[in-house]
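Asks: I need the structure of the sequence given here:
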Amino acid sequence: MCRAVLESEEGQIAAEGINDGIVYLMAIPYILVGGIAYFIYKKYNTLKK
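Replies: Numbers count the residues shown, from 1 in each chain. Next comes the predicted model:
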């Protein structure tokens, strides 16, 4: 049912919203892992000095 709505011409706004939601859900884990990696790198870098 969702696929039929998204493939129709009337569902273009809904399709854009769902695509934006998918991108948002995919980006959050990468941002979290990147932030954790940055803080670990920063911690080990300051310990060496």
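Asks: okay, CA-based contacts and neighbour counts for the rest of this
Replies: OK.
Asks: okay, now residue 28: neighbour count?
Replies: When counting by other CA atoms under 10 Å, one arrives at 11 neighbours for residue 28.
Asks: can you pull the pLDDT of it?
Replies: With respect to pLDDT, residue 28 has a value of 95.
Asks: gap between the residue positioned nearest the centre of the chain and residue 35?
Replies: Computing the C-alpha centroid of the chain and ranking residues by CA atoms, centre = their mean puts residue 27 first, at 1.6 Å. To residue 35, residue 27 is 12 Å away according to CA to CA, to the nearest Å.
Asks: what's the local residue count around residue 4?
Replies: Count around residue 4 with other CA under 10 Å applied: 8.
Asks: local confidence estimate at residue 7?
Replies: 71.
Asks: next one: it from residue 25, what distance?
Replies: For residue 7 relative to residue 25 (CA to CA), the value is 22 Å.
Asks: helix/strand/coil for the residue nearest to the centre of the chain?
Replies: helix (DSSP: H, G, I helix; E, B strand; the rest coil).
Asks: could you measure from it over to residue 38?
Replies: Taking CA to CA, one finds residue 27 at 16 Å from residue 38.
Asks: in this structure, where is pLDDT below threshold?
Replies: Within the chain, the segments meeting pLDDT under 70 span 1-2, 5-6, 9, 11, 49.
Asks: for it, just list every one of the helices.
Replies: Using DSSP state H, the helices assigned to the chain run over residues 2-7, 12-48.
Asks: the longest one packs against which elements?
Replies: Where contact means 3 or more CA pairs under 8 Å, 6 or more residues apart in numbering; DSSP states H and E, helix 12-48 is packed against helix 2-7.
Asks: could you check stretch 12-27 and say which residues are buried?
Replies: residue 15 (16 or more other CA atoms under 10 Å).
Asks: dump that stretch to CSV, restricted to CA.
Replies: The C-alpha trace of stretch 12-27 is given here as CSV (Å, rounded to 0.1, in the frame of the first residue of the first chain):
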residue,chain,number,x,y,z
GLN,A,12,5.4,13.0,-4.6
ILE,A,13,5.4,15.1,-1.4
ALA,A,14,5.0,11.9,0.7
ALA,A,15,7.8,10.2,-1.2
GLU,A,16,10.2,13.2,-0.6
GLY,A,17,9.3,13.1,3.1
ILE,A,18,10.0,9.4,3.3
ASN,A,19,13.3,9.7,1.4
ASP,A,20,14.4,12.5,3.8
GLY,A,21,13.5,10.3,6.8
ILE,A,22,15.6,7.5,5.4
VAL,A,23,18.6,9.7,4.9
TYR,A,24,18.1,11.1,8.4
LEU,A,25,18.0,7.6,9.9
MET,A,26,21.1,6.6,8.0
ALA,A,27,23.1,9.6,8.9
